[in-house]
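Sequence and computational prediction follow.
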There are 2 protein chains.
Amino acid sequence: MSKGAATREAILHCGVEQAAKVGLSGLTIGALADATGMSKSGLFAHAKSKQELQLRVLEQARAEYIDAVIRPALGAPRGEPRVRALFEHWLASARDRAPGGCLFVKAAAEFDDRPGPVRDQLVKDHKDKDDTVAQIFSTGVAEGHFRPDADPYQFAAELQSLMLGYFHLHRLMHDPDAEQRLRTSFENLLDQYRVK
Amino acid sequence: MSKGAATREAILHCGVEQAAKVGLSGLTIGALADATGMSKSGLFAHAKSKQELQLRVLEQARAEYIDAVIRPALGAPRGEPRVRALFEHWLASARDRAPGGCLFVKAAAEFDDRPGPVRDQLVKDHKDKDDTVAQIFSTGVAEGHFRPDADPYQFAAELQSLMLGYFHLHRLMHDPDAEQRLRTSFENLLDQYRVK
DNA sequence: GACCGGAACGAACGGTCGTGCTATTTTCAT
DNA sequence: ATGAAAATAGCACGACCGTTCGTTCCGGTC
């Protein structure tokens, strides 16, 4: 790997970390330069603009999420086990990411009212994730684990809601019961969709 | 009402509006001064610091939330009707607040990793809200509408999750089905807790 | 050894931020 | 009507923002 590519990777890694703490808007060129031990201008040369940097960081976060959550889940057996694997990896990646919560949650709150390329990319990423979750759930329907009349996208939306609630309880409220509450809700959710 | 109190009220009203768009951190003295037709220093004189301004805006938003959601809900008959009233007013205040979503949602995402008075106040406000929701739900248990072994705070957490999910779908994804999905989830939630 | 292209640096720019200080205007009780 | 008090404006500051520019350093090529 060339020198430039290596530092660019380091920059993005630090960028995701910092953005998870202070958001994509709070992400600052100077602070990121300090964190990577570079000069502001040296770092800036790797991204033509701050917006470009935000998009790159978002792309990196997406890749990390896929590696940590989606891909491992797809390794589990089709149907409910795969849905459970998705849940467990999602929860683990959310719980253990310290400090700073999920970058996507923060970015979603930041950009839901700011049109532009960053927002567009964010919407696209979330759509992709919803598609994937819905498709994973569908294998559960095909396997006969879940009711055939279930709406996979309704499930995806409800699972997303639960995760958002968990983030809220865990990161803002520092509620020690956050994980237990999430697990309870998740089991209830599965019960709802399971074939009786 | 004295002149000063009037403008202070106008400032806070504009402040809540602006903070709902760009967040409590994105809230800027200069922009707020422009919005209210004042000079930066003139407006600044009303708040000793930006942090103080953030706290005042938060206080104002809390008051508006109580007026728009909590108080009307408490006017409904005890039990499930009151829970439903809470839900409807909450949804209405979230749906019709345009533009900019719920200030508390944005602020929660912004400050979950920034210790300080603002975060403390935010946690306190959310705790108060959870207490109120749990207590409203409890009247449903007392009335025999909900299962006596139900955990009111689990219900509060799940309702909060649903609202967060709705915000996500509605404000970021612009999903036209957001409200329908929320209503479906809410009915499922009530079913879960209802006495069979 | 001369040369070259990429990588990083330091300094500086224009702009905006929050925040003080000092006038000036406006309000209001007497 | 008048004088004290409150409200607002004007101005300047230091800090930090994203961005640009010229320069330097370093590894590989002829």
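Cool, got the structure.

C-alpha from now on. contacts and neighbour counts both.
Fine.

Under the pLDDT cut-off, which ranges of chain A? List them.
Within chain A, the stretches with pLDDT under 70 are A:1, A:3-4, A:98.

DNA strand C contacts on that one?
Counting by C-alpha under 7 Å from any atom of the strand, the positions of chain A adjacent to DNA strand C are A:2-5, A:7-8, A:37-43, A:45-46.

PyMOL command for the buried members of the residues you listed?
Buried residues among those (16 or more other C-alpha atoms under 10 Å in any protein chain shown), as a PyMOL selection:
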select buried, chain A and resi 38+43
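
quick one, helices of chain A?
Using DSSP state H, the helices of chain A run over residues A:3-26, A:29-36, A:40-44, A:50-65, A:71-74, A:80-96, A:103-111, A:117-142, A:152-167, A:178-193.

Let me have these in JSON lines, extended by distance to residue B:24.
Formatted as JSON lines, those follow (distance: least, C-alpha to C-alpha, whole Å):
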{"stretch": "helix A:3-26", "distance to residue B:24": "12"}
{"stretch": "helix A:29-36", "distance to residue B:24": "21"}
{"stretch": "helix A:40-44", "distance to residue B:24": "27"}
{"stretch": "helix A:50-65", "distance to residue B:24": "21"}
{"stretch": "helix A:71-74", "distance to residue B:24": "36"}
{"stretch": "helix A:80-96", "distance to residue B:24": "24"}
{"stretch": "helix A:103-111", "distance to residue B:24": "11"}
{"stretch": "helix A:117-142", "distance to residue B:24": "19"}
{"stretch": "helix A:152-167", "distance to residue B:24": "19"}
{"stretch": "helix A:178-193", "distance to residue B:24": "25"}
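
Out of the residues of chain A next to DNA strand C, which are close to DNA strand D?
Counting by C-alpha under 7 Å from any atom of the strand, the subset of those that neighbours DNA strand D consists of A:40-41, A:45.

For DNA strand C, state which of those is nearest.
Nearest to DNA strand C among those: residue A:41, at 4.0 Å, using C-alpha to the nearest atom of the strand.

before we move on, back to that, ok, of the ones next to DNA strand D among the residues of chain A next to DNA strand C, which one's closest to DNA strand D?
Distance to DNA strand D across those (C-alpha to the nearest atom of the strand) is lowest for residue A:41, with 4.2 Å.

roughly how far apart are the closest one and residue A:30?
To residue A:30, residue A:41 is 9 Å away according to C-alpha to C-alpha, to the nearest Å.

Please apply the same query to residue A:171.
Where residue A:30 is concerned, residue A:171 sits at a distance of 26 Å (C-alpha to C-alpha).

and if you look at residue A:133?
To residue A:30, residue A:133 is 37 Å away according to C-alpha to C-alpha.

For those two, work out which one has more neighbours and name it.
For residue A:133 and residue A:30, the more surrounded residue by other C-alpha atoms under 10 Å in any protein chain shown is residue A:133, and the numbers stand at 22 against 15.

and that one, what is it in contact with?
Residues near residue A:133 by C-alpha atoms under 8 Å, 6 or more residues apart in numbering or on different chains: A:152, A:156.

What of residue A:89?
Residue A:89 sits next to A:68-69, A:72-73 when contact means C-alpha under 8 Å, 6+ apart.

Tell me the most packed of the residues you listed, by neighbour count.
The residue in the contacts of residue A:89 with the most neighbours, by other C-alpha under 10 Å, is residue A:73 (23 neighbours).

how near is that residue to chain B?
For residue A:73, the distance to chain B equals 22 Å [C-alpha to the nearest C-alpha, to the nearest Å].

What is the neighbour count of the residue nearest to residue A:162 when sequence neighbours are not counted?
Computed as C-alpha to C-alpha, 6 or more residues apart in numbering or on different chains, the closest residue to residue A:162 that is not its neighbour in sequence is residue B:161, at 5.5 Å. Number of residues near residue B:161 (other C-alpha under 10 Å) recorded here: 26.

hang on, residue B:161 packs against residue A:161?
Yes - Residue B:161 lies in contact with residue A:161 (C-alpha atoms under 8 Å); the separation is 5.1 Å.

Next, count neighbours for residue A:175.
13.

ok, now the one 3 residues further on?
Summarising burial for residue A:178: neighbours were counted as other C-alpha under 10 Å, giving 20.

That one: what's it in contact with?
A:166, A:169-170.

among the residues you listed, who's most crowded?
Most crowded among those, counting by other C-alpha under 10 Å, is residue A:166 at 28 neighbours.

show me what contacts it?
Listed by C-alpha under 8 Å, 6+ apart, the contact partners of residue A:166 are A:178-179, A:181-182, B:161.

So of the residues you listed, which two are at opposite extremes in space?
Put simply, by C-alpha to C-alpha the two of those set farthest apart are A:179 and B:161, 13.3 Å from each other.

The closest residue to residue A:134 other than its chain neighbours: neighbouring residues, count only.
Computed as C-alpha to C-alpha, 6+ apart, the closest residue to residue A:134 that is not its neighbour in sequence is residue A:152, at 4.7 Å. By other C-alpha under 10 Å, 22 other residues sit near residue A:152.
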